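J.: Okay, sequence plus prediction incoming.
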Amino acid sequence: MPISEVVLAKIEEARQSRTTELALDCAGIQTIPEQLFTLEHLESLSLTGNGLREMPEDICRLRKLRWLDLRNNPLS
């Protein structure tokens, strides 16, 4: 399933504004988009209520990430 344009727009807005917090809750995300890993200032990320089944190793690229909310995802 392709990532929605709304999700990609939120990620791009976060990148441009150098935000430290991003919530992509209940957005129908089944895989984390590659663009998310360019958010070098991100400290807090909420991905609750999506369809994530696994976390990619690339999550380690978010070196400043201190809080990650993955509740209500079918992670295995």
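T.: Here it is on my side, so go on. Residues are numbered from 1 along each chain as shown.
J.: and Lys64, which of the three is it?
T.: Three-state call for Lys64 (DSSP: H, G, I helix; E, B strand; the rest coil): coil.
J.: now it: how far from Val7?
T.: 21 Å (CB to CB, to the nearest Å). Where C-beta positions appear, they are placed from N, C-alpha and C, glycine not excepted.
J.: and if you look at Gln16?
T.: Counting by CB to CB, the gap from Gln16 to Val7 is 15 Å.
J.: Next one, pLDDT for Ser76 please.
T.: Here the pLDDT value assigned to Ser76 is 87.
J.: ok, it - contacts?
T.: By CB atoms under 8 Å, 6 or more residues apart in numbering, the contact set of Ser76 is Arg53, Glu54.
J.: From Gln30, how far out is it?
T.: On the measure of CB to CB, Ser76 and Gln30 end up 13 Å apart.
J.: intersection of neighbour lists for the two?
T.: Arg53.
J.: Just give me the neighbour total for Pro2.
T.: For Pro2, the count of nearby residues is 9 (other CB atoms under 10 Å).
J.: And what about it, helix, strand or coil?
T.: Criterion first, three-state DSSP; result for Pro2: coil.
J.: Roughly how far does it sit from Leu45?
T.: Taking CB to CB, one finds Pro2 at 21 Å from Leu45.
J.: The helix or strand containing Gln16: what's the following helix or strand?
T.: For Gln16, the host element (DSSP states H and E) is helix 5-17. Next along the chain after helix 5-17, taking DSSP H and E as the criterion, comes strand 21-23.
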